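**Q** Based on what follows, work out the 3D shape:
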Amino acid sequence: MRILLLVFLAVVSANLFGQSPKRCATAHETEQWHTAVLPKAAGQNSVTGRAVVTIPVVVHVVWNTSVENISDEQIHSQIEVLNQDFNAQNSQIATVPNGFQAAIADVDFEFCLASKDPLGNPTTGITRTQTSNNIGIGGTAAIHRSSQGGQDAWDTDRYLNIWVAKFQGSIGGIASFPGEGPADEQGVEINYKQFGTIGTATNPPYHLGRTCTHEIGHYFNLEHVWGPSLNSCCDEDDGVSDTPNSCETYIDQCPTGTTFSCAMPDMWMNFMNYTDDACMAMFTKGQKERMYAALNTFRPGLLNADGCQTLGLEEVIAKPIIEVLGNPFVDELKLRINASDHAAWDLQVWDTGGRLFLQKKLASNHDFELDTSALPS
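**A** Model (predicted):
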């Protein structure tokens with residue numbers, strides 16, 4: 001007899017801070033952390049001899065309405081922007097004033113959507129979770145919790161987790177500074193209206209993917225160029241020697257030429273400013289040093305992460321998640337689920353007319369036998 005077999009996986013599992021209403025809502029938990037920890041990290045600049053560091057990315061799309069469930073193509077457009085911006089390959093580099101050209105850094109970070117999940121299984125590097133939260137789950141602790149309508153992080157030591165969702169108000173993004181907050185909340189959150197360059201992210205001035213570039217800068221320990229607080233006004237510093245002190249955020253602005261708010265010209269085109277996307281262009285060599293210090297000190301698991309390694313055909317075939325023992329079969333179906341997460345599985349047997357004949361709970365790594373001889377045709 002013929003049956004149609006459908007197997008569904010059901011996994012059951014038991015901060016970030018406001019600062020600006022538009023561009024970025026990342027800030028430090030405490031000033032004590034800023035003064036005590038950042039200088040310690042700033043002197044280290046080793047990348048274990050690597051020219052380029054490849055960083056596996058998982059994008060968690062948490063959506064309530066269909067418009068928030070952004071396309072794979074939109075996600076890919078953001079990864080492309082990150083690789084351009086962190087490697088000084090974006091077109092805006094040409095607009096950097098002559099006085100800052102020598103400071104431009106090729107950070108040598110390569111971002112890729114993960115091809116291997118934490119269990120070693122093939123993946124697109126994208127998860128999609130529908131939430132009942134219609135107000136805006138971005139910027140809340142719930143976005144990091146599957147049990148609260150969000151999505152649990154993948155191993156934050158080995159993956160850069162990016163959550164894309166609706167935010168309350170007009171906040172564009174939030175990031176976790178290294179060493180701050182719960183380990184399973186480490187990563188970046190971006191408003192779905194400002195992620196990538198197509199789809200929902202086409203409305204200026206935040207339409208070129210620079211919100212994510214900016215927040216990943218925070219994730220790797222970069223301050224805003226004016227320092228840790230908005231009211232510093234020339235008397236605070238971002239801990240980087242080649243970014244001049246500033247008293248202007250340039251929010252909703254796209255300057256040209258040389259401008260001043262403190263003694264030295266402002267680096268308004270720096271990714272850690274609040275300038276419009278079209279005018280952001282560069283990280284500096286000092287910022288690169290600070291990011292590598294954070295990578296080695298706080299996020300060393302990313303140096304050896306293998307989430308971007310492509311699984312060979314033999315590896316994929318050798319490790320199927322659902323394995324039918326003897327296929328085709330007559331009268332008796334033997335099934336094995338290969339998974340190490342101890343998840344609960346639902347086995348449902350339907351006929352081709354859409355009638356459900358059998359529903360059963362299964363456990364991972366156990367063989368299951370089903371006698372189909374007694375089932376209706």
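**Q** beta partners of the most centrally placed residue in the chain?
**A** The centroid of the chain falls nearest to residue 162 when counting by Cα atoms, centre = their mean (1.9 Å). In this entry, residue 162 is beta-bridged to residue 59, residue 188, by DSSP bridges.
**Q** list the contacts for it?
**A** Residue 162 makes contacts with 57-60, 187-190, 212, as judged by Cβ atoms under 8 Å, 6 or more residues apart in numbering. The way it works is simple: take the backbone N, C-alpha and C, and place the C-beta from them, glycine included.
**Q** now residue 101
**A** Contacts for residue 101 (Cβ under 8 Å, 6+ apart) come out as none.
**Q** What ranges does this protein have for its helices?
**A** Ranges of helices in the chain, per DSSP state H, are 31-42, 72-85, 98-101, 210-219, 285-297, 313-318.
**Q** and those helices, which one is worst for confidence?
**A** The minimum mean pLDDT among those belongs to helix 31-42 (a mean of 35).
**Q** Next one: residue 23 from residue 283, what distance?
**A** For residue 23, the distance to residue 283 equals 17 Å [Cβ to Cβ, to the nearest Å].
**Q** Let me fix that, I meant to ask about residue 184.
**A** Noted for residue 184: a distance of 28 Å to residue 283, by Cβ to Cβ.
**Q** quick one: which of the two has more around it?
**A** The residue with more neighbours, out of residue 184 and residue 283, is residue 283; 28 against 14, by other Cβ atoms under 10 Å.
**Q** and the more buried one, what pLDDT?
**A** 98.
**Q** which ones are touching it?
**A** 85-86, 88, 104-105, 107, 217, 222, 270-272, 291.
**Q** if we can go back for a sec, got a winner among the contacts of residue 162 for most neighbours?
**A** Going by other Cβ under 10 Å, residue 189 tops the contacts of residue 162 with 31 neighbours.
**Q** these two touch, right, that residue and residue 168?
**A** No: contact between residue 189 and residue 168 fails when scored by Cβ atoms under 8 Å: they sit 12.0 Å apart.
**Q** quick one: low-confidence ranges for the chain?
**A** 1-22, 27-50, 231-232, 310-321, 323, 325-328, 336, 338-344, 350-357, 363-367 (pLDDT under 70).
**Q** circling back: now do the shared contacts for residue 189 and residue 168.
**A** 138-139.
**Q** Please identify the nearest residue in space to residue 72, excluding sequence neighbours.
**A** Nearest non-adjacent residue to residue 72, counting by Cβ to Cβ, 6 or more residues apart in numbering: residue 126, 6.4 Å away.
**Q** Can you name the residues bridging to that neighbour?
**A** residue 59.
**Q** so how far is residue 95 from it?
**A** For residue 126 relative to residue 95 (Cβ to Cβ), the value is 33 Å.
**Q** what does residue 288 give?
**A** Taking Cβ to Cβ, one finds residue 288 at 20 Å from residue 95.
**Q** who has more neighbours, the two?
**A** Set residue 288 next to residue 95 and count neighbours by other Cβ under 10 Å: residue 288 wins out with 22 against 16.
**Q** From residue 53, how far off is the more buried one?
**A** Taking Cβ to Cβ, one finds residue 288 at 11 Å from residue 53.
**Q** Which neighbours do the two have in common?
**A** By Cβ under 8 Å, 6+ apart, the residues touching both residue 288 and residue 53 are residue 108.
**Q** In this structure residue 362 contacts residue 370, no?
**A** No: under the criterion of Cβ under 8 Å, residue 362 is not in contact with residue 370, lying 10.5 Å apart.
**Q** what about residue 269, neighbour count?
**A** Around residue 269 there are 22 residues (other Cβ under 10 Å).
**Q** nearest residue to it other than its sequence neighbours?
**A** Using Cβ to Cβ, 6+ apart, the nearest residue to residue 269 is residue 281, at 4.3 Å.
**Q** Next up, phi/psi of that neighbour, please.
**A** Per-residue torsions, residue 281: phi -150, psi -30 (degrees, to the nearest 10).
**Q** give me every residue that touches it.
**A** 90, 92-93, 95-96, 269-271.
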